[in-house]
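Student: The amino acid sequence is not available; the structure is as follows:
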């Protein structure tokens with residue numbers, strides 16, 4: 001299991017129950033790498049002490065996914081991570097997201113080129129390895145690379161991804177399956 005990175009403090013976190021149901025979002029306030037504990041600003045209802053959960057920490061350039069359980073230590077809101085339970089990129093679970101994000105830049109030859117008008121997209125789901133979204137007013141093709149800004153609570157992250165495939169829907173919207181670029 002990879003140790004928590006210091007850049008997780010302040011990151012937005014999507015929290016899911018063990019069945020993959022989205023319960024809410026929060027922010028990492030601090031963590032203890034040695035004890036594998038993450039302190040968050042709030043624990044979403046209906047999670048209680050002892051309940052298991054999955055956290056998708058929105059770090060750049062790609063999210064990190066951890067599994068843990070809620071523990072009680074005074075009034076601190078703590079998730080104790082299961083050792084060895086960080087999921088790997090391949091085959092990572094997808095979690096539904098009911099949110100929007102903004103594509104601000106397209107990337108050509110490793111250089112960001114700002115869009116004249118940033119594109120608001122409708123997020124469908126997110127995983128450690130990628131994201132799926134829909135849009136009706138912008139067209140991308142497989143292989144296009146972009147920067148997307150996603151904001152949850154006080155935390156905002158710039159994620160970099162490229163289009164792997166797209167599907168044109170009868171509704172006039174196109175759904176894009178994208179992978180995050182690690183180390184970009």
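Tutor: That came through, no problem. Remember, predicted model here, so these are calculated numbers, not experimental data.
Student: and the chain, what are its domains?
Tutor: Using automatic domain parsing, the domain parsing of the chain gives 6-81, 95-180.
Student: Rebuild these as a markdown table, extending it with mean pLDDT.
Tutor: Rendered in a markdown table, the data for the domains of the chain read as follows (pLDDT from 0 to 100):
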| stretch | mean pLDDT |
| --- | --- |
| domain 6-81 | 85 |
| domain 95-180 | 86 |
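Student: With mean neighbour count added, can I get those domains in JSON lines?
Tutor: C-beta here means a position set from N, CA and C on the backbone, and glycine is covered the same way. Listed next are the domains of the chain as JSON lines, based on neighbours: other C-beta atoms under 10 Å:
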{"stretch": "domain 6-81", "mean neighbour count": "17"}
{"stretch": "domain 95-180", "mean neighbour count": "16"}
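Student: Heading C-terminal from the top strand by length along the chain, find the next helix or strand.
Tutor: Counting residues, the longest strand found in the chain (DSSP state E) is strand 111-126. Going down the chain from strand 111-126, the next helix or strand is strand 130-135, by DSSP states H and E.
Student: Show me the contact partners of the helix or strand that that following strand is followed by.
Tutor: Next along the chain after strand 130-135, taking DSSP H and E as the criterion, comes strand 145-152. Identification of contacts with strand 145-152 by C-beta atoms under 8 Å, 6 or more residues apart in numbering yields 12-14, 25, 27, 58, 99, 101-108, 112, 121, 123, 131, 140, 156-163, 181.
Student: mind listing which of those residues are in helices?
Tutor: Using DSSP state H, no member of those sits in helices.
Student: so what's residue 80 closest to, chain neighbours aside?
Tutor: residue 71 (4.8 Å; C-beta to C-beta, 6 or more residues apart in numbering).
Student: my guess is that neighbour contacts residue 82, does it?
Tutor: No - when contacts are counted by C-beta atoms under 8 Å, residue 71 is not listed as touching residue 82 (11.8 Å).
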